[in-house]
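Visitor: here is the input, now give the coordinates:
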Amino acid sequence: MAAILIVDDDPQLRQSFEKLLSQEGHSVKTAPSGEAGLAVARSAELDLLIMDVCLPGMSGLETFQAIRRFEPRLPVIIMTAFGTTETAIEATKMGAFDYVLKPFNIPEILVLIDQAIEAGRFMRSRVELDVIPEAASKEAIVGRSKAMQEVYKAIGRVASTDATVLIRGESGTGKELVARAIYQHSQRADKPFLVINCVAIPETLLESELFGYEKGAFTGAVNRRVGRIEQANGGTVLLDEIGDMPFSIQAKILRLLQEKSIERLGGREPIPVDVRIIAATNRDLEASLAEGKFREDLYYRLKVVTLWLPPLRERPEDLALLAEYFLMRYAREMEIDNPGMADTARGVLQGYSWPGNVRELANAVQKSLIFSRGCPIAAEDFSKAIGSGASLRGTEDEFSDETIRQWLLRVLLSEGEGNAFDSIMDRLAGLLIGEALNLTGGNRTRAARLLGLSRPTLLSKIEKYRLKAGAPLSGETP
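Guide: Predicted coordinates for the structure are as follows:
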């Protein structure tokens, strides 16, 4: 749930927004003028401001500038009619998260609102480094091993500079947390921080999402649109999964790094932008270079500073510390007593390779806590939590395939004729979406990104499979 302020002089619009966002689980405040909105912003802790450009008395831009002076990290969405689009674009250049045109497309604005709330959380949730579990917040990088000490030193050295940083490591090692820590310790910490996942956005949309477009650039481009890079002017952009960025777009990122400028789609004039680029990938970029899938000149531009995150199997001394941290964190979130961990459970931690790294460990601890029923986490709790995933991964392809084949055979025999394919696909889709919701704590926007779906598509499938956050589809599983 987020605290959202709506500032608009139209009482019907305020009422509609309040009803819509309340149904989404948010806490909504409204104000009819810039002066009233400014007063609310000063007195309340907000997660998002949605504001019209044209307001009686103090204008939308004046209100925006006044609020930015004392809440520079508060994401702001500007509302505008067609006649004031240029004003909204100016507000975006000044630091507004984005702008929307009236009348609204409700699914699209809900997606934008989720994105803005998440961006605000990224900017304002402090990432703590090298802390003990008892003192750690929800956002922390935990580890005392020599490898992690080197990571902390690297963050400290690079944060105060404007150097481009390439963060490398396997999936689940915490690359996004490290990027946020660099941003939060930098001189741009009071400026925007945007995360762009290069694989979550379809290739056909990624270029316009990054760089924006001019009116008439393509069919449907009825107005100029500012891209995410331009929105983050003065701040920091994390290009996540850059190893999967389409080759055709890499040249434009290279130009951004070399010339500090971009061009919108359909534009002819370079637009100067001042952003710091942090990139992250779990790909073998050297192999991509050899295969001609990644530009060599971009590769060398990105790796001004390279920061490697060690996989969990290379820092086994951190396993117990991390498990204790997640145990305390999830116990707080679930509002239950922390049952602690039996000594036998630590042996299971050390005996497993954790191919999913910290993300997999967190998931295993959460599952163990749910099913421990208040007793100390035992070896069998961890074994059960990682057992199903381990059996599907397996150590040999034949074992994994055979497990799946046996399950498919049981389903085929039970379904009879005509329904097997749809039934199996629905079960798998429901399980996959349920696990994505569980992994993201019910955050539908993040789950959609993880699955590579649009948010409206995810919402329709959640309704189809009658899913709830953290509650995968019931039924027989592999």
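
Visitor: doesn't Arg313 make contact with Ser353?
Guide: Yes - if you go by C-beta atoms under 8 Å, Ser353 and Arg313 touch, sitting 5.1 Å apart. Where you see a C-beta, it was placed from the backbone N, CA and C, and this is true even at glycine.

Visitor: does Ile4 have beta-bridge partners, and which?
Guide: Counting by DSSP bridges, Ile4 is bridged to Val28, Leu48.

Visitor: and the pLDDT at it?
Guide: Ile4 carries a pLDDT score of 96 in this model.

Visitor: you'd agree it is up against Asp47?
Guide: Yes - using C-beta under 8 Å, Ile4 is in contact with Asp47, at 6.5 Å.

Visitor: the more surrounded of those two?
Guide: Counted by other C-beta atoms under 10 Å, Ile4 and Asp47 do not tie: Ile4 has more neighbours, with 24 against 20.

Visitor: and Arg144, that's in a strand?
Guide: No - under DSSP: H, G, I helix; E, B strand; the rest coil, Arg144 sits outside any strand and is assigned coil.

Visitor: per-residue confidence at it?
Guide: Looking at Arg144, its pLDDT is 90.

Visitor: quick check on it: phi, psi?
Guide: phi -120, psi 0 (degrees, to the nearest 10).

Visitor: I'd like the numbering to begin with 475 instead of 1 from here.
Guide: New numbering, starting at 475: the last item is Arg618.

Visitor: how much space between it and Leu801?
Guide: Separation of Arg618 from Leu801 (C-beta to C-beta, to the nearest Å): 17 Å.

Visitor: need the next SSE after the worst-scoring helix or strand of the chain on mean pLDDT, C-terminal direction.
Guide: Every helix and strand of the chain was ranked by mean pLDDT, DSSP states H and E. The lowest is helix 871-889, at a mean of 58. Counting by DSSP states H and E, the element after helix 871-889 in chain order, helix or strand, is helix 894-913.

Visitor: mind listing what's buried along that following helix?
Guide: If you call a residue buried by 16 or more other C-beta atoms under 10 Å, then helix 894-913 has these buried ones: 897, 900-901, 904-913.

Visitor: same check, this time on stretch 924-932
Guide: Quick answer for stretch 924-932 (16+ other C-beta under 10 Å): Leu924, Leu925, Leu927, Ser928, Arg929, Leu932.

Visitor: ok, now stretch 705-724?
Guide: Using 16+ other C-beta under 10 Å as the test for burial, stretch 705-724 gives 705-707, 709-719, 724.

Visitor: among those residues, name the ones in strands.
Guide: Taking DSSP state E as the definition of strands, those contribute Thr710, Val711, Leu712, Leu713, Asp714.

Visitor: could I get the full set of strands for the stretch 475-624 of the chain?
Guide: Along the stretch 475-624 of the chain, the segments classed as strands by DSSP state E, counting those that start in this stretch run 477-481, 501-505, 522-526, 550-554, 572-575, 602-603, 614-615.

Visitor: low-confidence stretches in the stretch 525-674 of the chain?
Guide: Within the stretch 525-674 of the chain, the set of residues satisfying pLDDT under 70 comprises 556-557, 604-605, 607-611.

Visitor: for Gly741, grab phi and psi.
Guide: phi -90, psi 160.

Visitor: before we move on, back to that, ok, so of the buried residues of helix 894-913, who is nearest Arg698?
Guide: Nearest to Arg698 among those is Ala910, at 34.8 Å by C-beta to C-beta.

Visitor: the closest one contacts Thr919, doesn't it?
Guide: No - Ala910 lies out of contact with Thr919 (C-beta under 8 Å); the separation is 11.3 Å.

Visitor: if we can go back for a sec, between which two of the buried residues of stretch 924-932 is the distance greatest?
Guide: Pairwise distances across the buried residues of stretch 924-932 (C-beta to C-beta) peak at 12.7 Å, for the pair Leu924 and Ser928.

Visitor: quick one on the thing from earlier: turn the strands of the stretch 475-624 of the chain into TSV, including distance to Arg806.
Guide: Below are the strands of the stretch 475-624 of the chain laid out as TSV (distance: least, C-beta to C-beta, whole Å):
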stretch	distance to Arg806
strand 477-481	21
strand 501-505	21
strand 522-526	25
strand 550-554	31
strand 572-575	33
strand 602-603	15
strand 614-615	13
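
Visitor: right, and these - which one's nearest Lys493?
Guide: strand 501-505 (8.7 Å).

Visitor: helices or strands up against that closest one?
Guide: Under the contact criterion of 3 or more C-beta pairs under 8 Å, 6 or more residues apart in numbering; DSSP states H and E, strand 501-505 touches strand 477-481, helix 485-497, helix 508-517.

Visitor: among those, which is nearest Tyr626?
Guide: Across the helices and strands packed on strand 501-505, Tyr626 has its closest neighbour in strand 477-481 (32.9 Å, C-beta to C-beta).

Visitor: which helices and strands sit right next to that closest one?
Guide: Using 3+ C-beta pairs under 8 Å, 6+ apart, strand 477-481 is in contact with helix 485-497, strand 501-505, helix 508-517, strand 522-526.

Visitor: from those, which stretch is densest packed?
Guide: strand 522-526 (a mean of 26; mean count of other C-beta atoms under 10 Å).

Visitor: and for that strand, what's in contact with it?
Guide: 476-484, 491, 508, 511, 515, 534, 537-538, 541, 548-554, 587, 590-591, 594 (C-beta atoms under 8 Å, 6 or more residues apart in numbering).

Visitor: identify the residues contacting the closest residue to Pro666 other than its chain neighbours.
Guide: Nearest non-adjacent residue to Pro666, counting by C-beta to C-beta, 6 or more residues apart in numbering: Gly709, 3.5 Å away. Counting by C-beta under 8 Å, 6+ apart, Gly709 touches Arg662, Lys665, Pro666, Phe667, Leu668, Val749, Arg750.

Visitor: could you list which of these belong to strands?
Guide: Counting by DSSP E, those contribute Phe667, Leu668, Arg750 to strands.

Visitor: just the buried residues from the residues you listed, in ChimeraX please.
Guide: Buried residues within those, by 16+ other C-beta under 10 Å, are selected in ChimeraX with:
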select :667,668,750
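
Visitor: for stretch 545-553, buried residues please.
Guide: Glu545, Arg547, Leu548, Pro549, Val550, Ile551, Ile552, Met553.

Visitor: swap in stretch 729-741?
Guide: Residues Leu730, Leu731, Ile736, Glu737, Arg738, Leu739 are the ones in stretch 729-741 that count as buried (16+ other C-beta under 10 Å).

Visitor: dump the residues you listed to a markdown table, plus secondary structure, pLDDT and distance to Arg600.
Guide: Converted to a markdown table, these look like this (DSSP: H, G, I helix; E, B strand; the rest coil; pLDDT from 0 to 100; distance: C-beta to C-beta, whole Å):
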| residue | secondary structure | pLDDT | distance to Arg600 |
| --- | --- | --- | --- |
| Leu730 | helix | 95 | 28 |
| Leu731 | helix | 95 | 28 |
| Ile736 | strand | 94 | 30 |
| Glu737 | coil | 93 | 36 |
| Arg738 | coil | 92 | 34 |
| Leu739 | strand | 92 | 36 |
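
Visitor: which one of these sits closest to Asn579?
Guide: Within those, proximity to Asn579 (C-beta to C-beta) peaks at Leu739, which comes in at 20.7 Å.
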